[in-house]
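Q: Sharing a sequence plus its predicted fold:
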Amino acid sequence: MSPVVSHAILVVEDEEDIQRLVSFNLLKAGFHVICADDGLMGLDKLAQEKIDLVVLDRMMPNMDGIEMCKKMRENPVYEDCPVLMLTAKGEDEDVIEGLEVGADDYLPKPFSPKVLIARINALLRRSSTPDDSEFLVFPHFDLHISPQNYDVSCGGVKLPLTKSEFHILLLLAGKPGWVFSRQQIIDSIRGFDYALTDRAIDVQVSGLRKKLGDSATCIETVRGVGYRFADAL
């Protein structure tokens, strides 16, 4: 199904055959496609065009996908742009590294074009249609969450959360006291039931807790199950 709006997708891939394959399927799905051969060229394209999402290869010359993703997340102009990392490296450590630097999703090669389009549409939906609630306020933890603005603050100080960290916090805080398994968290923040390790979620939660500081106690570990937001009065 073609998207209603012709979103601009930046494909950063150094292998010509794969770049053509991805571009062909994106064009067929109704997207506007811009291509770059490496991370340096990708950053130039981001500066020149209005990009709605980046499909980013991990292994490239000059600047790889990890470094490009880091630079995007360090720049306020691009920090919220969804990134789907597309790569031949699908080991747990590679997946975790991609998520830690700010990638929103991770699709190993070889891939199904249908799955690629579905993942892209899911990321675009999440980036354009946040929760309708204006604020979630938890005075006990001095925590304020704004789903519409993707803002989280503790003690009046805005926290620099990645999108994955934000979505995990929003999921847990939306149902205080409710226990979510790691797989439920994966399915919720990724949009699909696919292979991703429990360790990847643990890494995300660990990073989230560090940024929450004294308010980190709001996220409780339920041994052998997953996590929950503390149901504090």
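A: Received, thanks.

Q: How about residue 97, nearest residue that isn't a chain neighbour?
A: Among residues not flanking residue 97 along the chain, residue 66 sits closest, at 6.4 Å (CB to CB, 6 or more residues apart in numbering). All C-beta spots, glycine's among them, are computed from the backbone N, C-alpha and C.

Q: meant to ask about residue 185, not that
A: residue 201 (5.3 Å).

Q: still on that earlier bit, tell me which element the residue nearest to residue 97 falls in.
A: helix 65-74 (DSSP states H and E).

Q: Tell me how far that helix lies from the chain's centre.
A: 13 Å (CA atoms, centre = their mean, to the nearest Å).

Q: Any chance you could list what contacts it?
A: Helix 65-74 is touched from outside by 12, 39, 42-43, 46, 54, 56-59, 78-79, 81, 83, 85, 87, 97-98, 101-103, 162, with contacts defined as CB atoms under 8 Å, 6 or more residues apart in numbering.

Q: Tell me which other helices or strands the helix or strand encompassing residue 186 touches.
A: Secondary structure from DSSP H and E places residue 186 in helix 182-190. Packing partners of helix 182-190 (3 or more CB pairs under 8 Å, 6 or more residues apart in numbering; DSSP states H and E): helix 163-173, helix 198-212, strand 226-229.

Q: Quick one, which of these gets closest to residue 140.
A: strand 226-229 (11.1 Å; CB to CB).

Q: partners of the closest one, with directions?
A: If you go by DSSP bridges, strand 226-229 pairs up with strand 180-181 (antiparallel), strand 219-222 (antiparallel).

Q: Which positions in it come out as buried?
A: Within strand 226-229, the residues that qualify as buried are 226-229, counting by 16 or more other CB atoms under 10 Å.

Q: Quickly name whichever of these is closest to residue 28.
A: residue 226 (38.6 Å).

Q: ok, and what's touching the helix or strand of the chain with the lowest mean pLDDT?
A: Lowest on mean pLDDT, DSSP states H and E among the helices and strands of the chain sits helix 182-190, with a mean of 76. Here helix 182-190 makes contact (CB under 8 Å, 6+ apart) with 105, 122, 164, 167-168, 171, 180, 193, 196, 198, 200-202, 226-227.
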